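A.B. asks: Kindly generate the corresponding structure for this input.
(2 chains)
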Protein chains: 2
Amino acid sequence: MSIRYPNGKAYQASKGQNKKQPEKKFSFSNRGMTLEEDLNETNTYYLERQIAVIHKKPTPVQIVNVDYPSRSAAVIKEAYFKQASTTDYNGIFKGRYIDFEAKETKNSTSFPLQNFHQHQIDHMRSVLEQGGICFVILRFAATEEIFLLEATHLLQFWSRQMNGGRKSMTKAEIEAVAYKIPIGYQPRIHYISVIEQLYF
Amino acid sequence: MSIRYPNGKAYQASKGQNKKQPEKKFSFSNRGMTLEEDLNETNTYYLERQIAVIHKKPTPVQIVNVDYPSRSAAVIKEAYFKQASTTDYNGIFKGRYIDFEAKETKNSTSFPLQNFHQHQIDHMRSVLEQGGICFVILRFAATEEIFLLEATHLLQFWSRQMNGGRKSMTKAEIEAVAYKIPIGYQPRIHYISVIEQLYF
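C.D. replies: Numbers count the residues shown, from 1 in each chain, chains lettered A, B, ... in the order given. Take a look at the predicted model:
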């Protein structure tokens, strides 16, 4: 016998009937979302609630050839990815300039510095000189931990590398000076709460 | 007889000898540079002298198809221009968040508001609410005049349009509330000098 709700929809008796859907363990932090997607949703949350205005910059692209078919939109037919000269995210929070880069690693014991490049390091230094709030958001994929590390510390690790030292920050070093960002539902990566405690 | 300078270089007797080079009137403001190029050079000038850190955001592009030829760089084979959700330029000056859009018109008596779109207007309003410094740089191509108009004024002109009023700002209206930016050699469009007088 087929059981139906008053609205006429059939009653789904058991999970067994939905064989195509694998059973998922629900977790705030493991939803197949990338760090970028989580940050974009976080920034949208901040924007809609007038907490902060922070956007990811578009991916820089060198456009070489564009086609203009009649009566339709221009089509880019040849373009190349360019290296960014700044960090990916910036904006404003309570009047202060906010600037950061977000990166993740599969390593579980250290964070390779090759995730950053010299242009970005120079940019961070310039932002700090102008009195901006500058940091990096670091995600350890294996443990799903996210840290906010102020740029001043990153610059020190970078200098150490430049002087012949190790090419990464150990996780213990990060834990000693960075702030762990709790992962939530709304907002997902509430980095502004850390900034608020540190600077306001 | 060929006349030579002490350094051995031939003396160029008259302009007539350089027939291929058309005679150019030198002017700071008419060098075939676009407003964007002038602003990029200005921002580079600010960056190198540690005056301000302001960048143009990359053009937003929706990437549809990317080719990865072996042993060469990834080639974007199909992509489309997206509408920007923010203004084109932002950054930091003396700790303050700076945000602006730059547009030009061939009109000589008014500046059409269709140069801006609702997303950008909303963004400007959000930036002002967070205490940022927000404005537009307007260029009248015919007279090569450049104005800095604070976003508060643009928002008023926009509201007038939304309420059924005119779809442009007259040049007289702009002249009444905006600041003329002198065009120079280095920097070319010294908008920070106006900002410094207004906010510091």
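A.B. asks: can I assume residue A:194 sits in a strand?
C.D. replies: No. Using DSSP: H, G, I helix; E, B strand; the rest coil, the secondary structure at residue A:194 is helix, not a strand.
A.B. asks: is it true that it touches residue A:178?
C.D. replies: No. The pair residue A:194 / residue A:178 is not scored as a contact, 9.4 Å apart, by C-beta atoms under 8 Å. All C-beta atoms are positioned from the backbone trio N, CA, C, and that covers glycine.
A.B. asks: And the two? Which one has more around it.
C.D. replies: Between residue A:194 and residue A:178, counting by other C-beta atoms under 10 Å in any protein chain shown, residue A:178 is the more crowded of the two (23 against 20).
A.B. asks: ok, the more buried one - contacts?
C.D. replies: The contact partners of residue A:178, taken as C-beta atoms under 8 Å, 6 or more residues apart in numbering or on different chains, are A:138, A:147, A:148, A:149, A:150, A:153.
A.B. asks: want to throw those residues into TSV with distance to chain B, pLDDT and secondary structure?
C.D. replies: Compiled in TSV, the contacts of residue A:178 are given as follows (distance: C-beta to the nearest C-beta, whole Å; pLDDT from 0 to 100; DSSP: H, G, I helix; E, B strand; the rest coil):
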residue	distance to chain B	pLDDT	secondary structure
A:138	23	98	strand
A:147	24	98	strand
A:148	19	98	strand
A:149	20	98	strand
A:150	16	98	strand
A:153	20	98	helix
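A.B. asks: Looking at the top strand by length along chain A now, give me its mean pLDDT.
C.D. replies: Scanning chain A for the strand with the most residues, using DSSP state E, yields strand A:96-105. Strand A:96-105 shows a mean pLDDT of 97.
A.B. asks: got the buried residues for whichever helix or strand comes after it?
C.D. replies: Downstream of strand A:96-105, the next assigned helix or strand under DSSP states H and E is strand A:110-112. Residues A:110, A:111 are the ones in strand A:110-112 that count as buried (16 or more other C-beta atoms under 10 Å in any protein chain shown).
A.B. asks: could you point out which element follows strand A:110-112?
C.D. replies: With DSSP H and E, the next secondary element past strand A:110-112 is helix A:118-129.
A.B. asks: Tell me which residues are up against that following helix.
C.D. replies: Here helix A:118-129 makes contact (C-beta under 8 Å, 6+ apart) with A:83-87, A:97, A:99, A:101, A:134, A:151-152, A:154-155, A:158, B:47, B:50, B:53, B:92.
A.B. asks: Mark which of those are part of strands, please.
C.D. replies: Judged by DSSP E, the subset of the contacts of helix A:118-129 located in strands is A:97, A:99, A:101, A:134, B:53, B:92.
A.B. asks: What residues does the fifth one make contact with?
C.D. replies: This means residue B:53. Shown in contact with residue B:53 (C-beta under 8 Å, 6+ apart): A:123, A:126, A:127, A:130, A:132, B:46, B:47, B:91, B:92, B:93.
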